[in-house]
Every structure is written in structure tokens, then in C-alpha cells.
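In: Everything below, folded, please.
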Amino acid sequence: MPVKIRLQRHGKKGKPFYWIVAADGRSKRDGKYLEKIGTYNPNVNPAEIDLNIDDAVKWLQNGAQPTDTAKAILSYKGAMLKNHLAGGVKKGALTEEQAEEKFNAWLEEKTAKINAKVVGLSKADDDAKAKVLEAEVKINEERAVAAKEVEEEAIKAAADAKAAEAAANAEPVEEKGPESIDDAQNAASEEA
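Out: All right, here's what the predicted structure looks like:
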């Protein structure tokens, strides 16, 4: 029976969640499995992987073949390295303590890289939020200036309208002048 270490899909449409399982190669993708050895959630950044490294190494040593994606996940978490070091211990190239020391050093380095990525992502998020906030503040200031200008124009228009109304309400003073050209000529001849 060929055993494969592969991903078994769970979750819902558009939000996949995977179990990392050791299963018979002939079974369906989401069918029976021999042992669940971890989970993989690609919906978060960085992806969340929970893997029992010892169980994965046990299956690898017993001949289980990982699929391409499962192999990448096992490499990312260090199961492939631990399997390689266990092979070196079996051959006598390393002692158990040396293999454990190398694995722990690699694990610390990997953890530091992951933490640096998390910090970088959170900093990038904060920078993006700060830029959005600055843009909103700028837009609000422009709106306030525009509203103030409109308000000043409205006040000026109201004052002009009041002044025009006051001028219209004032009694017009009529000048008494000649009614016609003949009257003007008569008035001019009388003065002479």
C-alpha cells in the first residue's frame, strides 16, 4: 500500500483550510486517511502551519512520499531536515546530540525570520493606515476651507441682498424737471 503525505481540503468555498494527513495513495483526496499529522491555513499572512514534526518524520522514515505541496510545507517546518539528520545518525555520521543541536539552531533561525516577517507586515499595515489617515485629514481640511468660502459668499450675498432691499424700500426722490422739450424751452426763455 503506497502511503502519501498530502493535504486534505476542509473549510468553505473561498476559505480553504487543509489537514496534513498520511493516507493511502489510492484513496480519495478528502477520503479516508491513516493519520492526521497537522493543519495548514493559507488564509492568514504568514500562513499558519501546525505540524507534528515527529509523526511526519516517522511516516517519512517508513517510506511515505509527500506530494509537492506537502513536501514544501514539511521543508518549511523542518520535518525534511529532521528526517535527513535522522538518516545521518543511522549511518553514524552524526551523534543524536549533534543532530538535535543542528535542528534546534535551524529552528531558531527560522523562527527569527518568521517573526521578522510578521513585524514587517504589521509595520507595513500601520504605514498604510497612517497614509490613509493623512489623506482623510487633508480632504477634510479642504472641505472645511471650501465650506468656509461658501459660507462667506452666502453672508456677502445676504448682505448685498439686504442693501438692495433697503435701497428699494427707500422713497425715490423725484427731480422736478421739464416734462417736455417745449417746457424746457419755455423755462429757458423765461430766465433770459
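
In: per-residue confidence for the residue positioned nearest the centre of the chain?
Out: Centroid-nearest residue in the chain, with Cα atoms, centre = their mean: Asp125, separated by 6.7 Å. pLDDT recorded at Asp125 is 86.

In: What helices and strands are in contact with the host helix or strand of it?
Out: Using DSSP states H and E, Asp125 sits in helix 96-169. Secondary-structure packing of helix 96-169 (3 or more Cβ pairs under 8 Å, 6 or more residues apart in numbering; DSSP states H and E): helix 79-91. All C-beta atoms are positioned from the backbone trio N, CA, C, and that covers glycine.

In: how about 10 Å then?
Out: helix 68-77, helix 79-91 (3 or more Cβ pairs under 10 Å, 6 or more residues apart in numbering; DSSP states H and E).

In: could you give the angle of the last one to helix 96-169?
Out: Here helix 79-91 runs at 170 degrees with respect to helix 96-169, directions being taken by axes from the mean of the first three to the mean of the last three Cα atoms, to 10 degrees.

In: quick one, helix 79-91 and helix 68-77 angle?
Out: Using the same axes, to 10 degrees: helix 79-91 against helix 68-77 is 70 degrees.

In: Pull out the buried positions in helix 79-91.
Out: For helix 79-91, the neighbour count (16 or more other Cβ atoms under 10 Å) marks Ala79, Met80, Leu81, Lys82, Asn83, Leu85, Ala86 as buried.

In: Ok, stretch 93-103 next?
Out: For stretch 93-103, by 16+ other Cβ under 10 Å, it's Leu94, Ala99, Lys102, Phe103.

In: Kindly indicate which of those lies nearest Asp68.
Out: The closest of the buried residues of stretch 93-103 to Asp68 turns out to be Phe103 (Cβ to Cβ; 23.4 Å).

In: So for that closest one, what's the pLDDT?
Out: 90.

In: still on that earlier bit, looking at the buried residues of helix 79-91, spot the one nearest Ile155.
Out: So of these, ranked by how close each gets to Ile155 (Cβ to Cβ), first place is Ala79, at 75.4 Å.

In: so what's that closest one up against?
Out: Contact analysis of Ala79 by Cβ atoms under 10 Å, 6 or more residues apart in numbering lists 5, 20, 37-38, 51-60, 66, 70-71, 73.

In: closest one to Glu134 among the helices and strands packed on helix 96-169?
Out: With Cβ to Cβ as the yardstick, what comes closest out of the helices and strands packed on helix 96-169 is helix 68-77 (37.3 Å).

In: hey, C-alpha coordinates of stretch 104-120 in CSV?
Out: Presented in CSV, the C-alpha positions along stretch 104-120 are these (Å, rounded to 0.1, in the frame of the first residue of the first chain):
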residue,chain,number,x,y,z
ASN,A,104,17.4,23.5,17.1
ALA,A,105,19.8,26.0,15.6
TRP,A,106,17.9,25.8,12.3
LEU,A,107,14.6,26.1,14.1
GLU,A,108,15.7,29.3,16.0
GLU,A,109,16.9,30.9,12.7
LYS,A,110,13.6,30.0,11.0
THR,A,111,11.6,31.4,13.9
ALA,A,112,13.6,34.7,13.8
LYS,A,113,12.9,35.0,10.1
ILE,A,114,9.1,34.4,10.6
ASN,A,115,9.0,36.9,13.4
ALA,A,116,10.8,39.5,11.3
LYS,A,117,8.2,38.9,8.5
VAL,A,118,5.4,39.4,11.0
VAL,A,119,6.9,42.6,12.3
GLY,A,120,7.4,43.8,8.7
